[in-house]
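Trainee: Coordinates for the following, if possible.
(2 chains)
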Amino acid sequence: MAMTSEMTGDRFRLSMLIYDTRYRSQTIQVVAMIGFMLLAAWLITNTVQNLSALGKPIDFSFLGEPASYDINQRLLEYTSRDTHLRASVLGLINTLLVAAMGCVTATIVGGMVGILRLSRNWLISRLMAIYVEGFRNVPVLLWIILVMALMIESLPAPRAFRGENATASLQVFDSVAITNRGVYIPEPLFSRGLGDVSVFGAFSISLDLIVFLAVLGAGIWAAAWVRKRADRIQDSTGVRPVTWWQRIGLIVIPPVIVLTALGFQLGLPALKGFNFAGGIYMRNSLIALWLALSLYTAAFIAETVRGGILAISKGQTEAAAALGLRPRRIMGLVILPQALRVIIPPLISQYLNLTKNSSLAIAVGYMDITGTLGGITMNQTGRELECILLLMLCYLALSLGISAVLNWYNERVKLKER
Amino acid sequence: MKRTLYIGAVAAGMMTAGVAVAGTLEDVQAKGHVQCGVSTGLVGFAAADADGNWHGFDVAVCRAVAAAVIGDSQAVKFTPTTGKTRFTALSSGEIDMLARNTTWTYSRDVDLKLTFVGINYYDGQGFMVPAGLGVGSATDLDGATVCIQTGTTTELNLADFFRSNNISYEPVPIETNAEAQQQYLAGACDVYTTDRSGLAATRASFENPADHVILPEIISKEPLGPLVRHGDDHWADAVRWVLNALISAEELGITSGNLAEMAAGTNNPEINRLMGTEGDLGGMLGLDKEWAQRAIAAGGNYGEIFEAHIGESTAIGLARGLNAQWSDGGLIYSPPFR
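Mentor: Next comes the predicted model:
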C-alpha cells in the first residue's frame, strides 16, 4: 500500500484497512486470497514432497513407453507395441464417439418425449411420464449394467448361427447379425477405392470417405442455394417456382455417381471361425453404454423441453390458432423457436452430464479414456497422480469445448433485445 | 481468530496424515486386527461363505499372520480388492497386507514400491474354453473373443502371446471374476484367461465343470505371493517369516495335529527354535516365543492349507505340482530358521 503520502486532509493510517469501511472489504478479500493461495501451495508442495519421499516424483515419461495391452474398439490403427499416449488417444476417441452418439440420440428421444408428455392423449402422456420418472430416478450405472446383462443373456451367441440346424439367423435380408457380442451391420466397400491418406503419419483417413462427404456437402450447399433463389423469386414475383425435384436431385445424384464410380458394394457379415467377420461390428459394450446413457439423459432433456414449452404463454398458441395455423405448424413455427431459448442453457449441462457419465464405461468393458489412461495404463505403470491429472484435464477440455460450442449456438438463437 | 485456528487445525491434521508412518506391526497390534486385502471372491483362494466368513488359501495366510502378531486368527478384517484397486489400497495404507493371488513382477516390486515377502503359489496363465468348441491348443484360438480381468499381468501376457504367435483376438476387459464368469457362461466370450489356479477355481464353481477344458499351454510365469508396502522392513519381516514358518512346518513334519507334541520339545533343534522352546527367534521379530505355534495352529502348515482349500480332495482339485516341497521335487522352499 503506497498510500503513506498525504491525501485530501485525511491521513492514511494502516488501521484504516480494518476500521474504515472504504477499505475493509478489500482487506478481507486480499487476506482470504493470500490464505487460499498459501493453502493451495502448501498442498501441492506437500504432495510433491511426499511423492518424492516415496520415490515416485511426478514424471510423465511413461506416456512414451509401449502400452503392451490391446484395445478392442480401435477407430485408429493401434497395436500393443504403441505407446501409452496413443492408447490414451484411442480411449479419448472412444469417449468422444459414445458421447456424440449419446447426445444426438438423447436429444431426439428427449425432444419427442418432452412434447408427447404434453399430449392431450391420456395414454401417451402417462406412458411418457412413466418413462421419464423411471429413468430419471434410477442411477445410470444400473441402467448400463441392465442393458448389458439383457444383451448378453437374451441374444444368441455367434455359435448359435452355425451348422445345419442353427438356432439363430441373420436379420434384414441376411445382412445384420445380432449376437450377444454385439451387432454386425453391412459395411461400405469400394472395389475401385482411392486408398487412404496419412495425416502427419499419426493416422490415416479413407479418401473415399472424404470424396463422398465433399460431394454430399457440395450437393446440400447447391440445394440451399436453389431454395434461396426460389425465395428471392417468390419475394419479387409472388410465385414460388417448384424446386423440390431439383433440390433432391442435387443432393442425391452426385453422391450416387461417386459411389458407382468407386465401385460401391456392401460387405456383409459372415461367420468365420469363432466370430462373424466383415461388416461393421458394434460391440455390445458400446451399444449398452450408448442406449443406457441416451435413454437416461433423454429423460432429463424431456423435462427441460416440457418446461421450455410450458414457459411460452398460452396466448402465443391462441394467437397462432387465430391466424389459422394448424397445431403441428404452431408447435414448429411459433412455440418451439421461442421455447429453444429456454431449453438450450439447461441442455448444455445435460450434454456435459452425458459426457462425464460415459466414464462409467468400464462397468461393461468399453475402452474409453477412463478405461485406457485411467485404467490399464494407470495400473500397469503405477502413475496414479499423473494419470488422474491427465484424465481430469481431458474431461475438463472436453466439457469446456462442448460448452463453448453450445454457448455459441445459444448466442445465435437467444432473444435479440434491441 | 476462529478462522486461523480452523485453518491451523486442518493444516496440522493433514501434516500428521502425511507423515504418519510409524511401524505397521505396532499399529496392527495397537488396533487389534490385521487389515488384509483379498480378492472380491475366488473360490478356494478367498471367498466369503453365507455367514460372511472368509475362507481360502490366501485368507489362511492373513489368518496365520494375525495369529502370530496378535494372537487371534480371527482378528482379521478383509478388504475385497479388484485387480485395479489393490495396489492403491496397499500404498495408501488402507490395508496392512495384500494376499490376493498377486504376481511378483519387477515393476511392481521396484517401481510401484511394493515388497513381495515370498511366493505361496507358483502359477502360470492358461486358457479355459467350452469343451464343445473342440479347441485343443491355444494356438487354435485365432479370431476368438477372450475375456480378461483388467488391471492384471494377464492382459499383457495375452497381448504378447497372440502377437508372437501371429494370431488375432478380441479382448473383452472385465472388472471382476464374477462378471467374467457370467459373460463366459453366456457365450459372450469364447475363452476365459487368467492364472490356471484361478481357472480351476472358477471352473469348480460352474454347474457342469466337465463341460469346460483348460488348455495345456501355460503362457507365463505367475509367482503369486503376499505383499506389503515398501519402507517398513520390520512388518515385511513379520509377514515373510510367518509364511516361511508355515512352509518350514510342513517340511519339518509339524502339523496342526501334532503341534502340542512338537511344542513340548524334540530332538530336532530347528523344530525347537521354530516352536520357541529353544532360542528366542520371536523376540528378534518383536513377538513372543510362541508366535509360530499360533500361526501353524490357525490353519495348519502350508501343505494342510493347500489341501484344505485348493488341493485334490476339494472341488478345485489342484495337484501340488510345482508347489510341492523342494524335498518332493517342487519349488516351495523356506530359508532356514536359525
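
Trainee: low-scoring stretches of the stretch 51-200 of chain A, by residue?
Mentor: The stretch 51-200 of chain A contains no residues with pLDDT under 70.

Trainee: residues contacting the residue in chain A positioned nearest to chain B?
Mentor: Chain A approaches chain B most closely through A:A157 (3.0 Å), counting by C-beta to the nearest C-beta. Bear in mind the C-beta positions are built from the backbone N, C-alpha and C, glycine included. A:A157 is in contact with A:179-181, B:186-188, counting by C-beta atoms under 8 Å, 6 or more residues apart in numbering or on different chains.

Trainee: Then A:R383?
Mentor: Going by C-beta under 8 Å, 6+ apart, A:R383 touches A:56, A:59, A:62, A:377.

Trainee: If you rank these by neighbours, which is first?
Mentor: A:T377 (28 neighbours; other C-beta atoms under 10 Å in any protein chain shown).

Trainee: and that one, which of the three is it?
Mentor: When classified by DSSP: H, G, I helix; E, B strand; the rest coil, A:T377 comes out as helix.

Trainee: Surely it and A:C387 touch.
Mentor: Yes. Assessed by C-beta atoms under 8 Å, A:T377 is found in contact with A:C387 at 6.1 Å.

Trainee: Which stretches in the stretch 1-150 of chain B count as helices?
Mentor: Secondary structure of the stretch 1-150 of chain B (DSSP state H, counting those that start in this stretch): helices located at B:2-19, B:24-31, B:57-69, B:86-91, B:106-110.

Trainee: Could you check how far A:S204 is from A:I210?
Mentor: A:S204 sits 11 Å away from A:I210, taking C-beta to C-beta, to the nearest Å as the criterion.

Trainee: In what element of secondary structure is A:I178 found?
Mentor: strand A:177-179 (DSSP states H and E).

Trainee: Count the neighbours of A:I309 for me.
Mentor: Neighbours of A:I309 under the rule other C-beta under 10 Å: 20.

Trainee: from the middle of its chain, how far away would stretch B:263-271 be?
Mentor: 30 Å (C-alpha atoms, centre = their mean, to the nearest Å).

Trainee: May I have the distance across that stretch, first residue to last?
Mentor: End-to-end span of stretch B:263-271 (C-alpha to C-alpha, to the nearest Å): 8 Å.

Trainee: Show me what A:M282 bridges to in the sheet.
Mentor: A:M282 has these beta-bridge partners by DSSP bridges: A:V183.

Trainee: Got the confidence number for it?
Mentor: Per-residue confidence (pLDDT) for A:M282: 88.

Trainee: same thing with the one 5 residues further on?
Mentor: A:I287 carries a pLDDT value of 93.

Trainee: secondary structure element for it?
Mentor: Secondary-structure assignment from DSSP H and E places A:I287 in helix A:284-310.

Trainee: and that helix, which residues are buried?
Mentor: Of the residues in helix A:284-310, A:284-306, A:308-309 count as buried by neighbour count, 16 or more other C-beta atoms under 10 Å in any protein chain shown.

Trainee: And stretch B:232-246, by the same measure?
Mentor: So stretch B:232-246, judged by 16+ other C-beta under 10 Å, has buried residues B:232, B:235-246.
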